[in-house]
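Chemist: Let me see the structure of the following:
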Amino acid sequence: MAESEQRPRVLIVEDHPIIAELVETRLRIEGMDPIKCPGGREALEIIGTQPLDAVILDIMMPDVDGYEVLRHIRSQPATRRLPVIFLTARSTPADIEKGLAMGANYYITKPFSGLDLVRKVRICLEERRAAAPEPPTMR
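Modeler: Residues are numbered from 1 along each chain as shown. I've put the predicted structure just below:
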């Protein structure tokens, strides 16, 4: 597969195995390359070592919560612009406002529509591609 045809790599950080499996299956069907991890600590290791195109992030997890993972992503020059979508049961207006104010690109509450999630991921990927610098051209 040519580099321009590589499948977008999306990290799914979700401690509920059934939800993680549903999201993974949906993204794979949509032509993406999902990577699942069950918690924030493992997510931080993956984010620091693997190239990613987007992150789908739960907030309430047993080890490191999603807020801390997002803080880390936004504090590192290499990942500062990495798209992050919160996918969480926390659904109050204050929760949503906090997540977006911290730098999440989107905030989706559970229960959620798989179609809406895929649409938001695709928007993030397009915005990321549009913001990428143009490769140099040969004259």
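
Chemist: okay, CA-based contacts and neighbour counts for the rest of this
Modeler: Noted.

Chemist: what about residue 96, distance to residue 57?
Modeler: Distance from residue 96 to residue 57, counting by Cα to Cα, to the nearest Å: 13 Å.

Chemist: Of those two, which one has the most company?
Modeler: Set side by side, residue 96 and residue 57 show more neighbours around residue 57, with 29 against 19, by other Cα atoms under 10 Å.

Chemist: Phi, psi for that one please.
Modeler: Backbone torsions of residue 57, given as degrees, to the nearest 10, read phi -130, psi 120.

Chemist: I'd assumed residue 15 was in contact with it.
Modeler: No. Using Cα atoms under 8 Å, residue 57 and residue 15 do not qualify as a contacting pair, with a distance of 9.8 Å.

Chemist: quick one: secondary structure of residue 90?
Modeler: Counting by DSSP: H, G, I helix; E, B strand; the rest coil, the backbone at residue 90 sits in coil.

Chemist: what residues are up against it?
Modeler: Residues in contact with residue 90, defined by Cα atoms under 8 Å, 6 or more residues apart in numbering, are 59, 96, 109-110.

Chemist: Which one (most neighbours) among the residues you listed?
Modeler: Neighbour counts for these were taken using other Cα under 10 Å; the highest belongs to residue 59, which has 24 neighbours.

Chemist: pretty sure it contacts residue 65?
Modeler: Yes. Under the criterion of Cα under 8 Å, residue 59 lies in contact with residue 65, with a separation of 5.4 Å.

Chemist: Can you name the residues in contact with the longest helix along the chain?
Modeler: Taking DSSP state H as the assignment, the helix of the chain that covers the most residues is helix 114-131. Counting by Cα under 8 Å, 6+ apart, the neighbours of helix 114-131 from elsewhere in the structure are 8, 23, 26-27, 30, 53-54, 81-83, 85, 105-106, 108.
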